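Participant: Predicted model and sequence follow; I will ask about them next.
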Amino acid sequence: MNTVTEKMLGAITGYRRPYFESQPPYLYPPYRSTVKRSPSRPLILLPHTLSEITGPVFGYDEVKPTDSDLTRQHDGDPLGERIVVSGRLLDENSRPVAHALVELWQANAAGRYRHAVDDHDAPLDPNFTGCGRVLTDSEGRYRFVTIKPGAYPWRNHYNAWRPAHLHFSLFGIGLVQRLVTQMYFPGDPLLGYDPMYNSVPDEKARLRMISTFDWENTIPDIALAFRYDIVLRGRDATPMDSTRS
Ligand SMILES: [Fe+2]
């Protein structure tokens, strides 16, 4: 590392490690795939460097306004229940994460993905691709219009069904703020049976993956709404001195 880089790195605060038990373990045997893919040796902790804490940066021209309305990506209307999903991207200190890329992918209303390896016996919808993206505004807000996804079976164990969910990918303002997660719907009876949902040890962290019904953002005659705020890891900031006059 040269002197200039060392100086720049010294001027930029690093990020906290995630809170204990707020993240699922790499190995969670009830979720069968983790047995094969979890690391078998201890992890090596790498120091944060300039590239992890200052990038990536996205240009506005790459993301079109229509990318965030999954019901308007084809000539016809997709089948299913239209919903609005919106919220804020925040860091652990409740600061908005602005200009971050939020990506969404999901099954259609019948619980089928438009993907080569999805062989679930449910219909594809010619008017629904199931992918969207948007950049957060200066207050960290994002908003999607989409279709409520259906539950679908998977081969984890006998009679295994995934609760209805949206997949989210978040690129914060540093690569160490990257998060891939799933949003669930309130009151879903399948949550208690789902090894992916239950692999998160901390109950409060688990509940953060469930959206809330959002009356304020419903669109009369058009769509119900759900709110989903997402918390990314925060800067390890020095506590503010409130006693100073
Ligand atoms: Fe899924």
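Facilitator: Here it is on my side, so go on.
Participant: quick one: the residue most central in space within the chain and Ser211, what's the gap?
Facilitator: Residue closest to the average C-alpha location in the chain (CA atoms, centre = their mean): Phe168, at 3.0 Å. Going from Phe168 to Ser211 by CB to CB, to the nearest Å gives 11 Å. Where you see a C-beta, it was placed from the backbone N, CA and C, and this is true even at glycine.
Participant: okay, and the common contacts of these two?
Facilitator: Met183, Tyr228 (CB atoms under 8 Å, 6 or more residues apart in numbering).
Participant: coming back round to it: in three-state terms, label the residue nearest to the centre of the chain for me.
Facilitator: strand (DSSP: H, G, I helix; E, B strand; the rest coil).
Participant: Just give the nearest non-adjacent residue to it, would you?
Facilitator: Thr181 (5.2 Å; CB to CB, 6 or more residues apart in numbering).
Participant: Repeat that for Ile147.
Facilitator: Gly80 (4.0 Å).
Participant: again with Ala160
Facilitator: Nearest non-adjacent residue to Ala160 (CB to CB, 6+ apart): Trp154, at 5.2 Å.
Participant: Now do the contacts for Gln106.
Facilitator: Leu70, Tyr113, Gly130, Thr146, Pro149, His165, Leu166, His167.
Participant: The second one: how many residues sit nearby?
Facilitator: Residues lying near Tyr113 (other CB atoms under 10 Å) number 19.
Participant: Surely it and Thr129 touch.
Facilitator: No - assessed by CB atoms under 8 Å, Tyr113 is found out of contact with Thr129, at 9.9 Å.
Participant: and Ser51, what element?
Facilitator: When elements are assigned from DSSP states H and E, Ser51 belongs to helix 50-54.
Participant: follow-up on the earlier one: quick one: contacts for the residue nearest to Ala160?
Facilitator: Trp154 neighbours (CB under 8 Å, 6+ apart): Ala160, Trp161, Arg162.
Participant: residues of the helix or strand harbouring the second one that come out buried?
Facilitator: In this structure, Trp161 sits in strand 160-162 according to DSSP H and E. The neighbour-count check on strand 160-162 (16 or more other CB atoms under 10 Å) flags Arg162 as buried.
Participant: now swap in stretch 134-153 and tell me
Facilitator: 134-136, 140-152.
Participant: Which member of those residues is positioned nearest Pro189?
Facilitator: Of all those, Pro189 sits closest to Ala151, with 9.7 Å by CB to CB.
Participant: Going along the chain, name the strands of the protein.
Facilitator: 82-91, 101-105, 131-135, 141-147, 152-154, 160-162, 165-171, 179-184, 212-213, 224-227, 230-232 (DSSP state E).
Participant: can you tell which of the ones you listed is closest to Pro56?
Facilitator: strand 165-171 (5.9 Å).
Participant: shaky segments in the chain?
Facilitator: The chain contains residues with pLDDT under 70 at 1-12, 60, 235-245.
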